[in-house]
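Enquirer: fold the following for me, if possible:
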Amino acid sequence: MDRAELVELLSPEGLRLLDSLPAWDTKADVLRTVEALRREGHSPGLVAAALSQAKLRARARAKFGEFADRMLFTEPGLEQATRLRVAALHAGRYARAGVTHVADLGCGIGGDAMALAALGIEVTAAEADEVTAAIASFNLTPFPRARVLHARAEDVALGGIGGAWLDPARRTTSGGRTRRLADAAEYSPPLDFAFGLADRMPVGVKLGPGTDRDVIPAGAEAQWVSVDGDVVELAVWTGSLARPGIGRAALVIRGDEAAELVAAADSEDAPTGPLGDWLYEPDGAVIRARLIGDLARANGGWMLSDGIAYVTADRRFDTPFAHRFRVLDRLPTDERRLRQALAERGVGVLEIKKRGIDVDPAALRTRLKLRGDASATIVLTREEGRHVTLLVERA
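Expert: Below is the predicted model of the structure:
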């Protein structure tokens, strides 16, 4: 969206049109909708902008729930925006630390700023992109103690502000194409600036979950967060926002439930051993936080093989930090014999999980020529260094 389109969308006519549109339906005839709106006298630019926002609002409900229906978005802004539930957890950190005025530097569409303001925290938000800054201002309109500056994070005066939150832009757009930035030095604002603020005030920084761990400052708390099985962020906390004695944390959110595994530092892997009756696949946040060893030891389990993120045990245990599988059988590792074994069981639908094995599950599934009414799950991995194929069932 460019500046002219946004100005038109923010007009009384534009907002009325947007709010009058029905919920976005991917099966609807968009061309017919466009023609109908044009016949009503709406300009082509306004129709395109309104329909684009309707589509983004539909996508945004996964992150913002019903609040999405009164917000505006950009494509990259929505992509990087924090889920509302996770943003509320961020805001809670500042509230518990007694920070009453937060600078949201690089606020994007304003998701985290909304969560902060909802707790009564004063927010000074800044966004370098003019259109995105205007959208953040619109989204923060209900909060009188929040203001948005069209400014670079580095140019914001921080006098009187008690803490900072930064979600550096990790994508760049050129020629209409957006790409992820692999080098943290290219983020906007740069990480040197973001973590440099920690010398002046408590700071929280949101990063991609796969960010190189070398960028985490010494003494900071690094928390990986997963939502319904998807690892969504690495949040790095400094100063009074970091919890004493915690250097690594894995926060696992599933539905309305949340659980956290914490440690002072990366945990050592548990000893390896032969396959037990049960196999456990740690949540991605636990894997990213390198707390698999602690998970295994706390539940009487052990690692299946060095460097392989599977835990095994002879007893069933309940944990929010791993998916559990009952081991049914060992199958041949040879592909021809594996195909025969699955055919004998009448397996026509096959879930293939793998760790430590170089294989394309989709290609393997095709080569296995599955036929039958039964469904099954197999795990291709290593047991004490040896390639194994396991028949399992989710429990």
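Enquirer: who are the contact partners of the residue nearest to Val225 when sequence neighbours are not counted?
Expert: Computed as C-beta to C-beta, 6 or more residues apart in numbering, the closest residue to Val225 that is not its neighbour in sequence is Leu251, at 4.6 Å. Quick note: C-beta positions are derived from backbone N, CA and C, even for glycine. Listed by C-beta atoms under 8 Å, 6 or more residues apart in numbering, the contact partners of Leu251 are 89, 223-226, 258-260, 285.
Enquirer: taking the residues you listed, please make a PyMOL selection of just the buried ones.
Expert: Per 16 or more other C-beta atoms under 10 Å, the buried members of the contacts of Leu251 correspond to this PyMOL selection:
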select buried, resi 89+223+224+225+226+260+285
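Enquirer: next, format the contacts of Leu251 as a markdown table and append distance to Val311, pLDDT and secondary structure.
Expert: Listed next are the contacts of Leu251 as a markdown table, based on distance: C-beta to C-beta, whole Å; pLDDT from 0 to 100; DSSP: H, G, I helix; E, B strand; the rest coil:
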| residue | distance to Val311 | pLDDT | secondary structure |
| --- | --- | --- | --- |
| Leu89 | 27 | 97 | helix |
| Gln223 | 21 | 98 | strand |
| Trp224 | 18 | 98 | strand |
| Val225 | 21 | 98 | strand |
| Ser226 | 17 | 98 | strand |
| Ala258 | 21 | 96 | strand |
| Ala259 | 16 | 97 | strand |
| Glu260 | 18 | 98 | strand |
| Ala285 | 15 | 98 | helix |
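Enquirer: can you map out the strands along the stretch 151-300 of the chain?
Expert: 163-166, 171-174, 177-180, 203-207, 221-227, 230-237, 248-254, 257-263, 278-282 (DSSP state E, counting those that start in this stretch).
Enquirer: now tabulate those in CSV and tack on distance to Ile109.
Expert: Shown next, in CSV, are those (distance: least, C-beta to C-beta, whole Å):
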stretch, distance to Ile109
strand 163-166, 14
strand 171-174, 14
strand 177-180, 15
strand 203-207, 14
strand 221-227, 18
strand 230-237, 16
strand 248-254, 21
strand 257-263, 24
strand 278-282, 33
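Enquirer: what's the closest of the contacts of Leu251 to Ala28?
Expert: Ser226 (33.6 Å; C-beta to C-beta).
Enquirer: so what sits opposite the closest one in the bridge?
Expert: Val231, Val252 (DSSP bridges).
Enquirer: can you tell me which residues contact it?
Expert: 232, 250-253, 283-285.
Enquirer: Ala91 and Ala113, how far apart?
Expert: To Ala113, Ala91 is 9 Å away according to C-beta to C-beta, to the nearest Å.
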